[in-house]
Structure formats: structure tokens, C-alpha cells
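Participant: mind folding the following:
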Amino acid sequence: MKNQTTTVTEFILLGFPISREVELLFFVFLLPTYMITLLGNIFIIYIIVSHSCFYTPMYFFLCNLSILDILFTSVISPGVLDNLATGDKTISFAGCITQCYFYFFLGTVEFLLLTSMSYDRYAVICNPLRYSTIMSPSVCIGLVLFSWVDGFLSVLYPTILTSKLPFCGSNIISHFFCDSGPLLALACTDTAFIELMDFLSSLVILCAIILTGYSYACTIMTILGIPSASGKNKAFNTCASHLNIIVIAGGITAFIYVTPSQKETLEIHKIPSMLSSVVVPFLNPFIYTLRNDTVQGILKEVWVGFREVLVRRGRELLSRVSKKDH
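Facilitator: As a prediction, this is how the structure comes out:
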């Protein structure tokens, strides 16, 4: 048994049970999705940093969320793309444990950050006169730091325990990345304690979802008390983008991970995991920018400037060609 455990140096990510042709088609779909995710979130970071009108708590959190989305999707997508392109589905033991840790670390941070953003929306609608005091720069920085530190610590101990497990059977992980459930299923020892630790860690996300729901319940009650219809619409628009992300991400994550045992339901978790790690970071830039009038104005300015540059360069090129002809 001990001799067998020392030989396990890599795992095979089984992924989806699809043909090689479908894998290549999936690669063609996933590559532009990943690139657009990176470019979209980088654009959000750029406009927030470069325009002083975005120096507010909401956009401070949004900038951090974009950074987090870039890191989160980059934990999974490059490896999946490499597996699809080359057909090589192996991953080293250290790489598997590292991927597992950063996936849950960054995922936990994202939910805590979304909870902080819901508190910001609660403060701006329910306590508008005290908003600048409640959401002071020190409070905003403290909330972001708490999100990162809590996410770092909450998944550290279960990951250390998982890295010390003996693996003496199959090294095939029935997933497209190193998820904790499929990884624990390969261990040749009792993993009940680690599953309990994973479940307790997932309660951090569950608590974040509950706090977010409570914040929005109070916020919606306040909005419903606004006498004018225009005031209600304006208040709802302030929260709509963030609430959409919470519903999508929270629903998917609660379905996958907030369960005591995952060994019996590994296969049905693959599609929701793909949505959580690839699609949600892809949607975030569009959800937060397309409903924002200020961002739309900046997009128009950027497009107009880009079009003017293209027209000017085209005229210069035509003038050079005409001079050569003469």
C-alpha cells in the first residue's frame, strides 16, 4: 500500500465524456470566451483607475471583483484549453493540489467581496445621508482585506489535509479540474473528516449568501417604501447588476458545494462547475457595464476616438499610396 502511494505523481483529468472532434469544437468556443473575459475585466479596471468619476466605494469593489475574476478564471481555463488542444489530460500531484486550493480560495474571496458590495448597496439606499461615513475608505479597504484573508485561511487547512492523503488506486479524476470531491473519491483511506472540513469551509460561502440576502431584503423593503415610481426605478437599477450576479453565482455554488457528501453526485457537478468558473466571470463585465450610463458614455468616447484614429491612419495610408503612384 505504501509503495503504491509513492508512485502517484500525477492525475488524469477525465473531463467530459465527448469525442476528440467535440473537444476541439469546445476549444474553439472556450478560447475566445476566456480572452473576452480577460479583456473585459481589464477594461473595467482601466476605466475605473483612469477616470476620477469612478472613485467611489461601489467601483472600488467592482475593480477588485474584476481582478478576482481574472485570477479565478485563469486557475481553470488555461489548463482546460491545454487539455483540449493537445489531448494530454495529465496534471502533476502538486499542480492538482495547487489548482484545488486556488479555486476554492479565490471562489470564497469572490463571495465575501459580493457580500461587501451588497452592504454597500444597502448603505447607499437605506442610509444615504450617512453613506460617506459608513462606507469610508478605511471601511472599504478593511472589507476587501477581510475577504482575502478569510478566503485564504478558510480553505488552507482542508487543502493541507488533502495533500497528505494516500492515493493507492486509480489516478483518474472524473472532472475537468482538480475539484475536492473527485480528488477525495480517489483516496484509499477514510475521508469523512476532510469532507466535514470542506463542508464547514463551504459554510463561509453559505453565510455570505445569507448575509447578502438579508442586505437585499432590507434594501428592497426600503425601495418599496419610496413614493415615486422614478425613485423606485432608479434605486432598483442601482442594485440590479449586482443582484443578478449574486443569484447566478450563489445558485450555482450552493447547488455544487453546500452538501455534506459529494461522492454520489460527481457527474452532475461538471456543467455547473463550468458555468461557475468560466461563464460567470465572462458575464460580469457585460452585466456591470451595459446597465451603467457612465460606463456606456465612456465606451462611446473610446469608440469614437478609436474610429477617428482609424480614419486618420487610413487617410495617411491613402496619401502615401497616391504619392508613390505619382
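Participant: measure stretch 49-62 end to end?
Facilitator: End-to-end distance for stretch 49-62: 11 Å, by C-alpha to C-alpha, to the nearest Å.
Participant: ok, residues contacting it?
Facilitator: Residues from elsewhere that reach stretch 49-62 (C-beta atoms under 8 Å, 6 or more residues apart in numbering): 44, 47-48, 63, 113, 116-117, 120-121, 124, 135, 140, 143-144, 288, 294, 298. Quick note: C-beta positions are derived from backbone N, CA and C, even for glycine.
Participant: change it to 10 Å
Facilitator: Residues from elsewhere that reach stretch 49-62 (C-beta atoms under 10 Å, 6 or more residues apart in numbering): 41, 44-45, 47-48, 63, 113-114, 116-121, 123-124, 131-132, 134-137, 139-141, 143-144, 147, 238, 241-242, 284-285, 288-289, 292, 294-295, 297-298.
Participant: repeat for stretch 148-155
Facilitator: Contacts of stretch 148-155 (C-beta under 10 Å, 6+ apart): 64, 68, 100-113, 180, 197-198, 200-205, 208.
Participant: helix or strand next in line after the one helix or strand in the chain whose mean pLDDT sits lowest, which one?
Facilitator: Within the chain, no helix or strand scores below helix 2-6, which has a mean of 44 by mean pLDDT, DSSP states H and E. Once the chain leaves helix 2-6, the next helix or strand it forms, by DSSP states H and E, is strand 10-13.
Participant: residues of that following strand that come out buried?
Facilitator: Using 16 or more other C-beta atoms under 10 Å as the test for burial, strand 10-13 gives F11, L13.
Participant: and it, what does it pack onto?
Facilitator: With contacts taken as 3 or more C-beta pairs under 10 Å, 6 or more residues apart in numbering; DSSP states H and E, strand 10-13 sits against helix 57-86, strand 90-92, helix 93-126, strand 172-173, helix 180-185.
Participant: right, and those - which one's nearest G250?
Facilitator: Shortest distance between G250 and the helices and strands packed on strand 10-13, using C-beta to C-beta, is found for helix 93-126: 7.5 Å.
Participant: quick one: average pLDDT of the closest one?
Facilitator: Per-residue pLDDT over helix 93-126 has a mean of 90.
Participant: what do you get for stretch 61-71?
Facilitator: Stretch 61-71 comes out at a mean pLDDT of 91.
Participant: outline the domain layout of this protein.
Facilitator: 2-291, 292-326 (automatic domain parsing).
Participant: what's the most buried one of these?
Facilitator: Most buried of the domains of the chain by mean neighbour count (mean count of other C-beta atoms under 10 Å) is domain 2-291; its value is a mean of 17.
Participant: quick one, helices of the stretch 151-300 of the chain?
Facilitator: Taking DSSP state H, counting those that start in this stretch as the test, the helices found in the stretch 151-300 of the chain are 156-163, 180-185, 192-224, 229-257, 270-274, 280-290, 293-325.
Participant: may I see the ones you listed organised as TSV, with distance to P78 and mean pLDDT added?
Facilitator: Shown next, in TSV, are the helices of the stretch 151-300 of the chain (distance: least, C-beta to C-beta, whole Å; pLDDT from 0 to 100):
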stretch	distance to P78	mean pLDDT
helix 156-163	20	90
helix 180-185	19	83
helix 192-224	24	86
helix 229-257	21	75
helix 270-274	15	77
helix 280-290	13	78
helix 293-325	28	72
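Participant: ok, which of the ones you listed comes nearest L81?
Facilitator: Closest among these, once you apply C-beta to C-beta, is helix 270-274, at 12.8 Å.
Participant: which strands and helices sit next to the closest one?
Facilitator: By 3+ C-beta pairs under 10 Å, 6+ apart, helix 270-274 packs against helix 57-86, helix 229-257.
Participant: again, 8 Å this time
Facilitator: helix 229-257 (3 or more C-beta pairs under 8 Å, 6 or more residues apart in numbering; DSSP states H and E).
Participant: chain center to stretch 219-227, what's the gap?
Facilitator: Here the centre of stretch 219-227 is set off from its chain's centre by 30 Å, with C-alpha atoms, centre = their mean, to the nearest Å.
Participant: now R121. Nearest residue, chain neighbours left out?
Facilitator: C239 (5.0 Å; C-beta to C-beta, 6 or more residues apart in numbering).
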